[in-house]
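Q: Return a 3D structure for these sequence lines:
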Amino acid sequence: MLTQTVTTLARERPYNNLLRRLSPPDYALIASYLVEDQAMPNELLYRPGDDVQIVHFPCGPALTSYLVPNEDGRDVETILVGREGAVGGIVSEGFLPAYTRIVVKFGGPFVRLPLSRLAAAKLQSKTLRNVFARYADCMLAQMFQSTACNAIHSIEQRTAKWIVAAMDRTDGEPTVPLTHEQLATLLGVGRSYVSRVVQTFRAEGVLETRRGAFMVRDFDALKQRSCLCNEAVKTHFEEVLRGVYPTEQAAAG
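A: Residues are numbered from 1 along each chain as shown. The predicted structure is shown next:
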């Protein structure tokens, strides 16, 4: 469970780009119902079949991931969601059971909002409803891109992509708190495949390994080894919800 700090956020907006995208009147509709939380890595937000009643907004460097369980017992990660968005009832827009596991990848601050309060605010404001509909479109685009990426790109390209995507959401911090096991889950492959790719990256001076983390030494070289899926998602975000996807410019603003 998330550790609630019992702090409402009616005055100062949290460091979540989707919430900061709302106009002042729209934000005022939900501000008094936002509750601040702190989450630890690997905490479970939803499991398949759970009733979705809370919308979770990752803030700052906090990061969540969607995992789809498979018949062989492995989970395959589909998308990452950080401060650009929210998880829980965004696409369904209703109290429907969760389809995937949603877990906290990088711990940090969150704010949560009862789905009923978000639904009520949508009924009151067409512009607020439009922002969340646009974000739902961006989430679907991210899922489509992930499906295509898993089908056509190499393990090396996808390894670089996931590390770059994680860095996007931590303001370019060179230390990415991912283990080999977690990266293997992201890629949907065995740990031995990940170890071989990481060993290659280390030999080329692209990154180093730390206990429970990767230290990126050459970000430009890492991006060159990545596929262009992150860029495709960023482009769509900018076309649909400008300034929401994490970038250095957005962080500075």
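Q: which residue is nearest the middle of the chain?
A: For the chain, the residue sitting closest to the mean C-alpha position, by Cα atoms, centre = their mean, is Val81 at 1.3 Å.
Q: Which residue ranges of this protein form strands?
A: When assigned using DSSP state E, the strands of the chain occupy the ranges 3-8, 35-39, 44-46, 54-58, 63-69, 75-81, 101-106, 108-114, 175-176, 207-210, 213-216.
Q: what about the longest helix in this protein?
A: In terms of residue count, the longest helix belonging to the chain (DSSP state H) is helix 126-152.
Q: buried residues in that helix?
A: Within helix 126-152, the residues that qualify as buried are 128-129, 131-132, 134-136, 138-139, 141-142, 145-146, 149, counting by 16 or more other Cβ atoms under 10 Å. (C-beta placed from N, C-alpha, C; glycine too.)
Q: now these in CSV, with distance to Ala213 and pLDDT?
A: Converted to CSV, the buried residues of helix 126-152 look like this (distance: Cβ to Cβ, whole Å; pLDDT from 0 to 100):
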residue, distance to Ala213, pLDDT
Leu128, 38, 96
Arg129, 40, 95
Val131, 34, 96
Phe132, 34, 96
Arg134, 34, 96
Tyr135, 30, 96
Ala136, 32, 94
Cys138, 28, 95
Met139, 27, 93
Ala141, 29, 94
Gln142, 24, 93
Gln145, 26, 93
Ser146, 23, 90
Cys149, 23, 92
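Q: Take the strands of the chain and lay them out in TSV including mean pLDDT and distance to Val244.
A: As requested, the strands of the chain are exported to TSV (pLDDT from 0 to 100; distance: least, Cβ to Cβ, whole Å):
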stretch	mean pLDDT	distance to Val244
strand 3-8	43	23
strand 35-39	95	21
strand 44-46	95	21
strand 54-58	96	12
strand 63-69	89	15
strand 75-81	84	12
strand 101-106	92	19
strand 108-114	96	16
strand 175-176	88	22
strand 207-210	91	28
strand 213-216	92	24
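Q: where does this structure dip in pLDDT?
A: Judged by pLDDT under 70, the chain has its weakly predicted residues at 1-11, 92-95, 247-253.
Q: still on that earlier bit, I figured the residue nearest to the centre of the chain hits Gly88, correct?
A: No - applying Cβ atoms under 8 Å, one finds Val81 not in contact with Gly88, separated by 10.0 Å.
Q: Which residue is the nearest non-sequential neighbour of the residue nearest to the centre of the chain?
A: Using Cβ to Cβ, 6 or more residues apart in numbering and skipping the chain neighbours, the partner closest in space to Val81 is Thr64 (4.9 Å).
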